[in-house]
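A.B. asks: Please work out how this folds:
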Amino acid sequence: MPESDLVDSWFPADLPSPRDWEDRYPHRGLPPGAEVTRFAPSPTGSLHLGGVYVATLARDLAHRTGGAYLVRIEDTDQTRQVAGAAEDFDRLFAHLGLTPDEADPDGRYGPYRQSDRERIYLSYARELLRRGRAYPCFCPPEALARAAEEQRGSRSPLGYYGRWAACRNLDPAEADRRVRAGEPYVVRFRCPQGIPGRVRFADRVRGAVTMLDNGNDAVVLKSEADGHRLPTYHFAHVVDDHLMRVTLVVRGDEWLSSLPLHRQLHEALDFEPPAYAHVSPLMKVDGASRRKLSKRKDPESAAAFYLAAGYPVEALQHYLRGLANSRLSDLPTEKALAEPVRLAEIGTAGPMVDAAKLRSISREYISTLTPEEVLAAVLAWAAAHDRAFHRLLDGHREAALAAARIAQFGTGSPRKELACWSDFRQAYGFLLPGGQVPVAGPEDRAFGGLDPRLVRALARDFTASYRHDTDPDRWFDQLRELAERHGFARSVAALRQAPDAHPGSVRDVANVVRLCLTGRSQSPDLFQIVRALGADEVVARFGPLL
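C.D. replies: Residues are numbered from 1 along each chain as shown. Modelled structure (predicted):
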């Protein structure tokens with residue numbers, strides 16, 4: 001029996017040929033220079049900010065050139081999958097403005113989940129076997145572990161090659177006998193024979209890269225499990241990028257060392273390889289050193305962190321684009337988002353994640369919004385992340401809008417206190433009925449040691465004579481009058497002349513009023529606050545002191 005017939009007998013009889021798949025997924029017919037990019041996360045955990053960074057670059061590069069941006073779920077490592085992770089990706093992509101042009105269930109180049117593309121990989125694995133560029137390997141894990149131990153002992157590179165590649169030259173008839181006997185096996189790529197030389201690649205970020213060529217017979221198809229035979233990442237992504245007609249792969253530089261193997265697989269399958277752009281990982285200052293942003297150590301490494309905090313997607317996109325091209329960092333957000341990201345401007349040192357810079361960008365962006373836009377965004381955030389606050393906002397829409405107006409206009413210009421929507425509760429939540437933290441009573445330490453009897457007297461006098469004036473000067477006059485009635489000294493000199501006077505001035509009286517109204521020692525202008533609260537609410541908030 002010819003060897004190709006032996007190979008074919010190891011696969012389903014109705015398995016399509018590579019030509020069939022090529023016909024099903026034809027070239028896209030895009031104009032010259034149009035890039036097709038992809039983001040290909042693995043559902044083995046939460047989406048990392050570094051992934052969002054890569055996806056941001058990939059999407060921008062595709063759209064700027066009139067191409068297409070797709071998302072492909074690389075889930076061939078079934079043992080490490082986290083339930084619901086892929087669905088969580090969809091939610092995050094939608095929120096972060098990274099909705100792909102193609103993904104399941106939409107897109108003619110799908111399915112976009114690798115576990116649904118098993119037959120495609122089988123067709124191309126069979127083709128490699130037919131061409132003699134792959135072979136079945138029956139080595140059990142124990143034998144591979146012994147070989148690795150021996151390699152470490154002799155300081156040889158780890159891998160399946162040379163005298164440790166026990167199945168590389170296995171007789172085809174013997175291989176067929178073992179397959180038919182049901183012996184577990186993987187399919188390994190047969191890398192070019194001989195001592196690996198050095199190869200040169202052109203990277204869109206790093207320029208010319210020279211590396212040692214691959215000399216390892218890597219696994220391309222795993223052993224059968226639960227009736228399925230899935231590929232490894234190395235093989236699957238090469239096949240998928242080819243059939244999805246990806247022209248540019250933007251990915252982390254941890255994959256740079258695998259590029260020689262990937263290029264060998266492209267050559268063995270007669271594929272035109274895409275261009276590659278390997279970007280450095282996001283970094284963080286840790287004491288006196290730098291390190292990678294870590295999922296284990298850094299809460300801010302998770303994309304979900306920015307959703308929970310409520311950073312506007314426009315500000316986050318602006319920030320990430322600035323990490324890639326520093327010229328974008330200090331532009332207004334609208335302009336920064338309109339400018340292209342240029343691969344040639346991305347450095348090879350990992351960009352530093354700087355929370356202060358993100359908050360600065362976000363404050364500036366939020367300051368450009370109308371109060372109505374701010375309130376809508378805060379409501380949307382609270383509905384997903386703070387249901388109690390959402391009920392408070394939704395039940396007091398007029399007060400909430402008044403708070404947003406103070407936030408945005410202050411005394412004529414935005415206060416720029418909001419860096420994310422979760423800040424709204426802390427900064428302006430006190431303006432909603434029941435939203436403030438009430439003082440405990442006249443003895444509350446927040447009053448700075450004022451005699452509790454004086455605090456109560458001030459509260460009773462203020463509420464009894466309160467005038468809800470529409471003129472700010474006249475409204476503040478009542479605080480000055482209140483201070484005078486209760487003997488507050490106007491200066492240190494006056495205090496020396498009248499030892500029985502109370503230290504301080506009208507500012508101390510205003511602070512008592514401020515604490516009762518807001519629960520805070522610092523706040524926006526008091527007149528703005530009382531106008532937003534209304535006379536009844538102003539008086540009601542002095543209840544704990546009366």
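A.B. asks: Okay, now stretch 218-238: how far is its last residue from its first?
C.D. replies: Its start and end residues considered, stretch 218-238 measures 14 Å (Cα to Cα, to the nearest Å).
A.B. asks: Would you map the strands across the stretch 351-500 of the chain?
C.D. replies: With strands called from DSSP state E, counting those that start in this stretch, the stretch 351-500 of the chain shows none.
A.B. asks: Which strands and helices lie in contact with the helix or strand where R291 lies?
C.D. replies: Element membership of R291 [criterion: DSSP states H and E] is strand 289-292. Using 3 or more Cβ pairs under 8 Å, 6 or more residues apart in numbering; DSSP states H and E, the elements in contact with strand 289-292 are strand 283-286. Every residue, glycine included, has its C-beta placed from N, CA and C.
A.B. asks: residues touching R263, list them.
C.D. replies: By Cβ atoms under 8 Å, 6 or more residues apart in numbering, R263 lies in contact with V199, F201, P273.
A.B. asks: one step back: outside of the strand holding R291, which residues touch it?
C.D. replies: With contact meaning Cβ under 8 Å, 6+ apart, strand 289-292 is reached by P281, L282, M283, K284, G350, M352.
A.B. asks: quick check, nearest of the residues you listed to E183?
C.D. replies: When the contacts of strand 289-292 are ranked by distance to E183 (Cβ to Cβ), P281 comes first, at 41.2 Å.
A.B. asks: Check what pLDDT the closest one gets.
C.D. replies: We have a pLDDT of 95 for P281.
A.B. asks: Then A148?
C.D. replies: 95.
A.B. asks: Can you pull out the residues in contact with the helix or strand following the strand holding R291?
C.D. replies: Using DSSP H and E, the helix or strand that directly follows strand 289-292 along the chain is helix 303-309. With contact meaning Cβ under 8 Å, 6+ apart, helix 303-309 is reached by 46-49, 51-52, 88, 92, 95-96, 299-300, 316, 384-385, 420-422.
A.B. asks: What backbone torsions are found at V249?
C.D. replies: phi -110, psi 110 (degrees, to the nearest 10).
A.B. asks: how far away is it from Q81?
C.D. replies: Distance of V249 to Q81, computed by Cβ to Cβ, to the nearest Å: 23 Å.
A.B. asks: So which of these two has more stuff around it?
C.D. replies: V249 (22 against 17; other Cβ atoms under 10 Å).
A.B. asks: if we can go back for a sec, filter the contacts of strand 289-292 to the buried ones?
C.D. replies: Neighbour-count burial (16 or more other Cβ atoms under 10 Å) applied to the contacts of strand 289-292 gives P281, L282, M283, K284, G350.
A.B. asks: Extract the CA atoms of stretch 357-366 and return them as PDB.
C.D. replies: In PDB, the C-alpha atoms belonging to stretch 357-366 read as follows (Å, rounded to 0.1, in the frame of the first residue of the first chain):
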ATOM      1  CA  LYS A 357      -1.400  59.600  33.400                       C
ATOM      2  CA  LEU A 358      -4.500  57.600  32.700                       C
ATOM      3  CA  ARG A 359      -6.400  59.600  35.300                       C
ATOM      4  CA  SER A 360      -5.100  62.900  33.900                       C
ATOM      5  CA  ILE A 361      -6.200  62.000  30.400                       C
ATOM      6  CA  SER A 362      -9.600  60.800  31.600                       C
ATOM      7  CA  ARG A 363     -10.200  64.000  33.700                       C
ATOM      8  CA  GLU A 364      -9.500  66.100  30.600                       C
ATOM      9  CA  TYR A 365     -11.800  64.000  28.500                       C
ATOM     10  CA  ILE A 366     -14.700  64.000  31.000                       C
END
